[in-house]
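Got a predicted structure here, sequence first:
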Amino acid sequence: MILEHLGLVKYLAGRLTVNAPPTMNQEDLEGYGVIGLLDAIEKYDSRLGTEFKNYAYTRIRGSMLDEIRKQNWVPRSKWQKFHEMNTVKENLMQKGKPAGEGELAAKLGVDKTRVRQLAAEYSTAFPVSLDENAGAEGEGVLADVISDPCSPDPLDMVADKDEKKTLAEAIKELPERDRLILALYYQEELTLKEIGAVLEVTESRVCQLHSKALQKMREKLYVKVCQPGIRKGASC
């Protein structure tokens, strides 16, 4: 069973590497993932009706994220500020507007000094550029893939069959292009480069579209799963 699911470990390690501190590489994450896999094998109970792969996914990913959080000294509040600044920058660029210090400061409601301070703090914590490729295959840039620390991850919310149904409903409500991108990426397992060829756009643009599609899905899942009164016992 271990060998059968090592591919899942490698897949998740590759996906989470961009969230890891500079001192942690993909091989490190794979090691923590194997620990999570062993834990899943030991604790899995088929009587609960959950498929092992789904259960293992949660355990493996959780094990990796636990270690990332332990070794990443950047406070959660700081990540929120980084994310906010990057979101504003992306919105300005998509509208064809300048995204310099002045524009960012105005949108964020701070002065230029604070914008420079945030940029410097990010560079100190993670000595790479926000414009550096995020993956081995050039899958966008880091500014495109910094995740929102406040948003529940849809994949964390679909561990059992009932929640998978909720996810399917949320996906159906997405625009056609968003549904296509998610289907090509998660079901057909195409790379961002391959999806870009299908849509006739650049890899970085696909990365942006993919991130936005996930965000839309998070928002829909939040309404369906996380808001009080929507589902008894739900918590986020």
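Sure, I can see it. The structure displayed is predicted, hence computed values, not measured ones.

what about the chain, any weak spots by pLDDT?
Within the chain, the ranges that satisfy pLDDT under 70 run 22-23, 72-76, 79, 94, 122-167, 187-188, 221-236.

Could you list the domains of it?
In terms of domains, the chain is parsed into 3-71, 76-127, 131-236 (source: automatic domain parsing).

would you turn those domains into JSON lines with mean neighbour count?
(Each C-beta comes from the backbone N, C-alpha and C, glycine too.) Output for these, formatted as JSON lines (neighbours: other CB atoms under 10 Å):
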{"stretch": "domain 3-71", "mean neighbour count": "17"}
{"stretch": "domain 76-127", "mean neighbour count": "15"}
{"stretch": "domain 131-236", "mean neighbour count": "16"}
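
for Asp66, what are its contacts?
Residues near Asp66 by CB atoms under 8 Å, 6 or more residues apart in numbering: Tyr32.

let's have the chain start at 41 instead
Okay, using 41 as the starting number, the last item reads as Asp106.

Now do the phi/psi pair for it.
phi -60, psi -40 (degrees, to the nearest 10).

Next, find the distance separating the residue nearest to Glu234 when sequence neighbours are not counted from Ile235.
Excluding the flanking residues, the one nearest Glu234 by CB to CB, 6 or more residues apart in numbering is Leu224, at 7.7 Å. Using CB to CB, to the nearest Å, one gets 5 Å for the distance from Leu224 to Ile235.

And the strands in this protein?
Assigned by DSSP state E, the strands in the chain number zero.

Do you have the helices of it handy? List them.
Applying DSSP state H to the chain gives helices spanning 46-56, 66-83, 92-111, 116-134, 141-148, 152-165, 182-185, 201-212, 216-222, 232-239, 243-261.

before we move on, back to that, tell me which residues touch the residue nearest to Glu234, please.
For Leu224, the contact set (CB under 8 Å, 6+ apart) comprises Leu230, Glu234, Ile235, Val238.

can you tell me how far it sits from Gly236?
The gap separating Leu224 from Gly236 is 10 Å, by CB to CB.

what does Arg219 give?
Arg219 is 17 Å from Gly236, by CB to CB.

Next: Arg156.
Arg156 sits 33 Å away from Gly236, going by CB to CB.

Check Lys110 too.
Lys110 is 36 Å from Gly236, by CB to CB.

next one: Arg258
Counting by CB to CB, the gap from Arg258 to Gly236 is 23 Å.

what's the answer for Glu91, then?
Glu91 is 32 Å from Gly236, where distance means CB to CB.

Kindly report the same for Val74.
33 Å.

cool, Ser117 as well?
Plainly put, Ser117 is 35 Å away from Gly236 if you go by CB to CB.

One more: Glu130?
18 Å.

Same check on Arg55?
Arg55 is 18 Å from Gly236, by CB to CB.

and if you look at Ser244?
In this structure, Ser244 and Gly236 are 9 Å apart, going by CB to CB.

And Asp218, by the same measure?
Taking CB to CB, one finds Asp218 at 15 Å from Gly236.

what's the answer for Pro138, then?
26 Å.

repeat for Pro215
Distance from Pro215 to Gly236, by CB to CB: 18 Å.

Kindly report the same for Glu243.
Relative to Gly236, and taking CB to CB, Glu243 is found at 5 Å.

And for Ser103?
32 Å.

How many residues are close by Met41?
The criterion is other CB atoms under 10 Å. On that basis, Met41 has 11 neighbouring residues.

I'm done for today, thanks for sticking with me.
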